[in-house]
Structure formats: C-alpha cells, structure tokens
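# Here is my input, please return the structure:
(4 chains)
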There are 2 protein chains.
Amino acid sequence: MITIKEVARHAGVSMSTVSYVLSGKRSISEETKRRVEQSIVALGYHPNAGARALASNRSQVLGLVMPLRSDQNMPVIMQFVSSIVATARNYDYDVLLLTKEAGPGEAHRVIARSMADAIVMMDVESADPRVPELRALDAPVVLLGMPDDHEDLSCVDLDFTAAGKQMVNHLADLGHRSIALIGSHPSVYDRGTSYAARLLDGFQSAAAKRKLTASVHSCAPGYDSVAACLDDVLSPERGVTGLVVHNEAVLGQLLLDLRRRSLDVPADLSVITLCPDDLAESLAVPLTSMAVPAQELGAIAVEMVMARLGQEHPPEVRLLQPQLTERGSTAAR
Amino acid sequence: MITIKEVARHAGVSMSTVSYVLSGKRSISEETKRRVEQSIVALGYHPNAGARALASNRSQVLGLVMPLRSDQNMPVIMQFVSSIVATARNYDYDVLLLTKEAGPGEAHRVIARSMADAIVMMDVESADPRVPELRALDAPVVLLGMPDDHEDLSCVDLDFTAAGKQMVNHLADLGHRSIALIGSHPSVYDRGTSYAARLLDGFQSAAAKRKLTASVHSCAPGYDSVAACLDDVLSPERGVTGLVVHNEAVLGQLLLDLRRRSLDVPADLSVITLCPDDLAESLAVPLTSMAVPAQELGAIAVEMVMARLGQEHPPEVRLLQPQLTERGSTAAR
DNA sequence: CGGCGGAATGGGAGCGCTCCCGGAGAATCA
DNA sequence: TGATTCTCCGGGAGCGCTCCCATTCCGCCG
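All right, here's what the predicted structure looks like:
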C-alpha cells in the first residue's frame, strides 16, 4: 500500500504538504502542488479512508435509512436513492445503506461508531417509532417525509396538502361538482403514512371550500378490487365526473377498467393523479398529474444535511410545492 | 467519545484485554470478561470504526454496486438488496452503496481507499464494461449475473437456460405443439443483458429438441404495444396455444388484453412465466411460474464473498436451478 | 527443588492520516 | 536599516484501535 509518506518522499516534500495539497486547506505554490500531484499519479496513491477518518474525525459517509419491503412505490424510492447518492458524491460523500427493517438503532450504531457523519431517513411515517431516537443522535439528521411530531427535526417533503387542494381546484375550475378520491391501499392509511393523510386533508378541505360533493375510497391493487372500487365510485347516485387518484399501483388497471366500461377519459370522466411523470406519460391514457419531484427532494435532503455538517443550523421543514402537468385527461364539464 | 482506554481503566484491565474481549481472539477468564462487558455498557462504549479499520486493515464494509435506473425489475432488485444487506449484517458487515451509473472505477476507488473489503456487483450484463476492471481489483468480488467472459471471476445466477428449457418442456409435456416466447423490452436485448439471452437459448434449444413450432417476440410495455404484440403472436396461422412470458412489466396488461379478446387462460391459451412469486400470485389469473430466487441468490453472493475474505478460493460459478410452481394457468391440449 | 508448559494478562509500537506549532526567507513598511 | 508581515513549508504528536511480544503465576514432572 502506498502511503502519504512515500508520496512525500517521492515528491521531495513533507507529509503535511502532501496532505494539504489533497485537502486544499492551506495554500501551496503551484510548483509544489504540481510535483505532488505528479507523484500521486506516478505511485498510484489512494488515501486510506480509515486513517483519514481517525485523524480528522470525519468519515465522509452518509447513512441512508431506506425501506426495503418491495411495494409499489419502488420506482419513486429508487429515484430518491439515486439522487441522494449522486448528490452525496458531489460533496465527496459515500452512502452507507441501512434498512428500515433492521430496526431503529441502526442509525445510532453507525453514528456511535463514527462510520457515518450524518443520517438521511426515507419513508418516514406519521407516528414513526424511529423518530424519537433520532433526536438523541449526535449527528445531523434529515427526514424525507414528515412525522406528526417533527419538533427539533429537519424534514423535506412534498406539500401533499397543497397537492390535494390543487387537484380538487383543477377539477372544480373545470366545472366538476362531484368528485372522488381513489386513495391508496388501506394498509397505507393503517400504517399512518403521513403523506396519504395530508393529501386527504387537502382534498377534503378544498372540496368543502369549493362546495363540491366528494367521496373517498381506498383501493387495493388487483383486478377485482379495482373493479369493485369503481363500481362504488361510479354508482349513478353519486354522479361523479372527476377522479383524483392517489395510488400508483392501480392506475393502469383502473384505466383499463374504465375502457372496459366504455367510459372515455376525459369525455365521460376526468382523471387527475399524483404519480411520477414517466408513469403518467406511459399509461393507456396519458394523465394530467402532479409529480412527486423525487430527484429534487433527495438532492435537497442531502444539501440540508451537508449544511448541518458544516455548522449548527436550526431545524427546518421544507415542503416543496407540487406542479401540475396537463396531459389532457381532464376536461370541462 | 468513550475510548477503549477508558473502558480498560474502568474495568481495571489493560487496553489489550478489552480489545480481546471484544474480538474473542484470545481466551479471557469469565470473571474478567464479565467486568469488561459491564464497563462497556456502563460507559456506553462503541468502538471507533476508523481506528479499527486502520489498525486491523479491515473495514467491515461490503461495497454493493447496484443499478439505479428505475425500470420494471425494481422489485426483484430490492429483494436482492434486502437479502444482501441482511446477510452481510450477519457477518457483521455493513453495505456501502455504489451505483452502476456512477461508472466503473467506483469499485476500484472504494477498495483502493480501504473503504470496503469486498465487492458484490449486481445486474451484470453479457459484455459488461465493468467486468475487466474487476479482475484487477485486489479484493474479493462476486457478480450477480454472468457476463460472457467470466474467467477468473465468481458469479451467482439463476440458470436461465434451464428455466427456458423447463418452461418449454412443461408446455410440451402438456401436448402443446406451437408456442411463443414473449420476451423483454427490446432495449433489454440491446443492452445484452445476459439472462435474457440465456433464457432465449434454453427456450429455442428445448423447442427444437421437442420439435415444437416456436416464435419469439420482444414486447415493450404500454397498452398499445402489448396489444400489437398479441395480435402478432395470436395470428391464426401460427396456431399458438402456449405462451412463455419473460417480461414482468407486461404481465398484467397481457392478461387483461387476453380477457378483452375473450380468451380464457388456460382453456384457450396456456401461459407460463418467469417472475417473482408474489407477482405471479397477485395477477388477474394466477400464473404457473418459475421464480427468480432473489433472496437466495443475494445470500449466496454474500456468503461467497465472505468465504473469500477469509482465504484464497478459486473462482466459482454457481447457477441455481429454477423451480416451477403450478398455479393452474397451463392445461393439457 | 529447579525447570517447564500453559493460561491469563499487560505494555506499547504502529497503522496512515490531519493539523497544530513553528521556522525560513521574501516582501513590505516606517 | 531593522522591524513586521506574509507566504510557504517541515516536523511530528496524536487520533483509537489491534496484535506482537513479553511477563506473571500457576500446577506438575523428574
């Protein structure tokens, strides 16, 4: 193994000079810097991460707690992970994978042993049991998602309440008077996943304000359960003309089922949804949708946590405003 | 920060004794061990990973190169990751997340800096550009997937050739004389993903041996493209009665489209597929399928790499035999 | 009774870095 | 000119472990 000492000797400078060339923490003459860099390349030197961590008290590692149950949200989860890793690498950080399923305490273990300098936790639920423990962590933490009790914690999330409102208002503006929300699998609500509840809030409050008739349905995936759900939603006495769908897993089946019923979107029924753009585009009928800006959320989470590595920062909650993309699946009534 | 020295003082022993209690590398009297363990708990000691890595030349970290493009195989990918992380933790290893997209060189960086002791690489393709570089790595490497040129490398994969044969034989045994393979998105073949090609091999050689008429179709996801594909497959002159599907993404749409055509599975058409069990079970028609034993593959990969950390091992290729689960979607002709 | 083997533990060098503390020499100032 | 400031760099302690090399204290043998 090539050490910094050998580089120093090869370049005819001291260890400290090599170290400073690498870290840029003090100014080095152009000439010396060049010589050192040449020696580094010539010898194929790579700094030893353990030694660096020990001496500098920084591991340059970010702990990422992610859910590994394989549910329907996987594509969005992967978008998060992908932007988190990419952004972390921009800060010269690597990402250590911790799983939600391994239980709380994983984050603590990793911080206590100085394996990571900070934690980003995904898929945070309303009453997440992992949250209290996080407050005690002696390291920056940022949550993706917003638990009910987020005092003292930094969170990044989409403003689901606003998203719910915006979708309702979109339909109301088009003249719809009776609408329905097709929500997630019941288990999502049972798990208390905060975003589902917040979207529901927004949906209901906007519907009330606009004086719309609004019903709410949760829907499990599967051919039969989608059909049953639509039977209910579309029963004539409701007079529903607009659908808000917050359930990626059933979108495809739902559209096919509408086609089976000979209902045209948007002529007979307007549909608007919250899902990733690529999904909305690739469906049987491209859907007007609000996207979860997963890339952006992940990047912001990393940036927040990095800022907190530098110096103290007060906790902060950032709710990104959703953006609506028209794809022609909603029409005036 | 509590160090080993403070624990030693608290327990009235030397640093080395504490170290040996922790590592178990030499025998310690029960009495001493107990005292040390009590001190560890009392003080809340956690060993510093950097110091340990520096002194022992072991990081206790496994580098995992995974694909982050969010395609349809996400659920399977997550099963891999999940079992890899769980198995690694059993060996007291953590997992560092490297992305395929970040390019080759990431594995090298992480090994050269001693951030990780070994590498597991997922989603390896036939002519994977990352592979040559791996041979030069001075650390154990195990591939999930099998490149064309895997000399000197250890690989774990499903025996896709056998899977292809087995599905054909299953249909042939039931008396089908004309069958079709509905394969992946063309891009999967373009990418040269080795498993797709191997399954195709198995399919074709078994079909030849059984003297079946067999056609092959690749199919992009999307309502229209599935419909078009089925138009082709089911054109009367082919007389296809059995379908082998190797494309998770279109399974759902395909079954719904068959229903639309008033074709009953299995009365009018037998369908067999290769996909995760939970997917096969939850479809409109539960499908007889071969599962990718992702959990097992991941665990084996980690076990192989761990074995190679201990001592030299010759490279080894392990192809797991697939297993067929009947779910009634195939019938005698 | 001396010698010897084995069990239990202590001491501390050294792993490869970072960063504090200076020092040498050039440049600037009064 | 001497004093002061700057710029650039070297020396090396110390980060918290691991593991090699003793040392001590037994019991046992001849």
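
# near DNA strand D, which residues of chain A?
Counting by CB under 7 Å from any atom of the strand, the residues of chain A close to DNA strand D are A:12-17, A:19, A:26-29, A:31-33, A:51, A:54-55. (Each C-beta comes from the backbone N, C-alpha and C, glycine too.)

# Could I get the full set of helices for chain A?
A:4-11, A:15-23, A:30-43, A:49-56, A:74-90, A:106-112, A:131-135, A:160-173, A:186-190, A:194-209, A:223-233, A:248-260, A:277-282, A:294-310 (DSSP state H).

# Poorly predicted segments of the stretch 51-200 of chain A, please.
Residue ranges of the stretch 51-200 of chain A with pLDDT under 70: A:70-72, A:192.

# Any idea which residue of it lies closest to DNA strand D?
Nearest residue of the stretch 51-200 of chain A to DNA strand D: residue A:55, at 3.7 Å (CB to the nearest atom of the strand).

# Now do the contacts for that residue.
Contacts for residue A:55 (CB atoms under 8 Å, 6 or more residues apart in numbering or on different chains) come out as none.

# One more pass at 10 Å, please.
With contact set as CB atoms under 10 Å, 6 or more residues apart in numbering or on different chains, residue A:55 has these partners: A:19, A:48, B:50-51, B:54.

# Mind checking which of the residues of chain A next to DNA strand D are buried?
Among these, those classed as buried by 16 or more other CB atoms under 10 Å in any protein chain shown are A:13, A:17, A:19, A:28, A:32-33, A:51, A:54.

# and which of those is nearest chain B?
residue A:54 (4.0 Å; CB to the nearest CB).

# And for the closest residue in space to the closest one that isn't next to it in sequence, the neighbour number?
Nearest residue to residue A:54, sequence neighbours excluded (CB to CB, 6 or more residues apart in numbering or on different chains): residue B:50, at 4.0 Å. Applying other CB atoms under 10 Å in any protein chain shown, we find 24 other residues in the vicinity of residue B:50.

# Same check on residue A:261?
A count of neighbours around residue A:261, defined by other CB under 10 Å, yields 14.

# does it really touch residue A:233, like I thought?
No: Residue A:261 is beyond contact range of residue A:233, at 11.2 Å (criterion: CB atoms under 10 Å).

# residues shared between the contacts of the two?
Common neighbours of residue A:261 and residue A:233 are listed as residue A:269 (criterion: CB under 10 Å, 6+ apart).

# With distance to residue B:180 as new columns, can the buried ones among the residues of chain A next to DNA strand D be given to me in TSV?
As requested, those are arranged in TSV below (distance: CB to CB, whole Å):
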residue	distance to residue B:180
A:13	69
A:17	69
A:19	64
A:28	67
A:32	69
A:33	64
A:51	59
A:54	61
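
# Could you list which of those residues also contact DNA strand C?
The subset of these within reach of DNA strand C, by CB under 7 Å from any atom of the strand, is A:19, A:51, A:54.

# Could I get the buried residue list for stretch A:252-264?
Neighbour-count burial for stretch A:252-264 [16+ other CB under 10 Å]: A:252-259.

# Which positions in the stretch 51-200 of chain A make contact with DNA strand C?
Residues of the stretch 51-200 of chain A lying near DNA strand C (CB under 7 Å from any atom of the strand): A:51-52, A:54-56.

# can you tell me which two in these are farthest apart?
Farthest apart among these by CB to CB are A:51 and A:56. That separation is 9.2 Å.

# which residues are common contacts for these two?
Listed as contacting both residue A:51 and residue A:56 by CB under 10 Å, 6+ apart are residue B:50.

# related to what we said a few turns ago, name the nearest of the buried residues of stretch A:252-264 relative to DNA strand D.
Using CB to the nearest atom of the strand, residue A:252 is the member of the buried residues of stretch A:252-264 that lies nearest DNA strand D, at 52.4 Å.

# which ones are touching that closest one?
A:221, A:226, A:279, A:282-284, B:221-223, B:252-253, B:256.

# Would you reformat those residues as TSV and include pLDDT and distance to DNA strand C?
What follows is the contacts of residue A:252, written out as TSV (pLDDT from 0 to 100; distance: CB to the nearest atom of the strand, whole Å):
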residue	pLDDT	distance to DNA strand C
A:221	80	51
A:226	90	57
A:279	82	44
A:282	79	47
A:283	83	51
A:284	79	55
B:221	80	48
B:222	76	51
B:223	77	55
B:252	84	52
B:253	84	54
B:256	83	58
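
# okay, now the closest residue to residue A:219 other than its chain neighbours: neighbour count?
Of all residues not flanking residue A:219 in the chain, residue A:229 sits nearest, at 4.3 Å (CB to CB, 6+ apart). Per other CB under 10 Å, the neighbour tally for residue A:229 reads 22.

# next one: residue A:151
For residue A:151, the number of neighbouring residues by other CB under 10 Å comes to 8.

# Verify the stated contact: it with residue A:314.
No: here residue A:151 does not reach residue A:314: they are 11.6 Å apart, not a contact under CB under 10 Å.

# For residue A:36, give me its contacts.
Contacts here follow CB under 10 Å, 6+ apart; on that basis residue A:36 touches A:7-8, A:10-13, A:17-22, A:28, A:45.

# Just the CA trace of stretch A:230-245, in PDB.
Extracted in PDB, the C-alpha atoms of stretch A:230-245 (Å, rounded to 0.1, in the frame of the first residue of the first chain):
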ATOM      1  CA  LEU A 230     -65.000   1.600  -9.400                       C
ATOM      2  CA  ASP A 231     -68.500   0.000  -9.100                       C
ATOM      3  CA  ASP A 232     -68.800   2.000  -5.900                       C
ATOM      4  CA  VAL A 233     -67.300   5.300  -7.100                       C
ATOM      5  CA  LEU A 234     -69.300   5.300 -10.300                       C
ATOM      6  CA  SER A 235     -72.600   4.300  -8.900                       C
ATOM      7  CA  PRO A 236     -75.200   6.600 -10.600                       C
ATOM      8  CA  GLU A 237     -76.400   8.300  -7.400                       C
ATOM      9  CA  ARG A 238     -73.000   9.800  -6.800                       C
ATOM     10  CA  GLY A 239     -72.900  11.500 -10.200                       C
ATOM     11  CA  VAL A 240     -69.100  11.600 -10.000                       C
ATOM     12  CA  THR A 241     -67.500  13.300 -13.000                       C
ATOM     13  CA  GLY A 242     -64.000  13.800 -11.800                       C
ATOM     14  CA  LEU A 243     -61.500  11.400 -10.200                       C
ATOM     15  CA  VAL A 244     -58.500  12.200  -8.100                       C
ATOM     16  CA  VAL A 245     -56.200   9.100  -7.900                       C
END
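
# got any ranges where the stretch 201-333 of chain A has weak pLDDT?
Within the stretch 201-333 of chain A, no range satisfies pLDDT under 70.

# again, only this time at 90
A:219-225, A:247-253, A:256-257, A:259-260, A:275-285, A:292, A:310-312, A:333 (pLDDT under 90).

# what does it put close to chain B?
A:220-224, A:226, A:252-253, A:255-257, A:259-260, A:276, A:278-279, A:281-285, A:294 (CB under 10 Å from any CB of the partner chain).

# switch to 8 Å and redo it
Neighbours of chain B within the stretch 201-333 of chain A, by CB under 8 Å from any CB of the partner chain: A:221-223, A:252-253, A:256, A:260, A:282-284.
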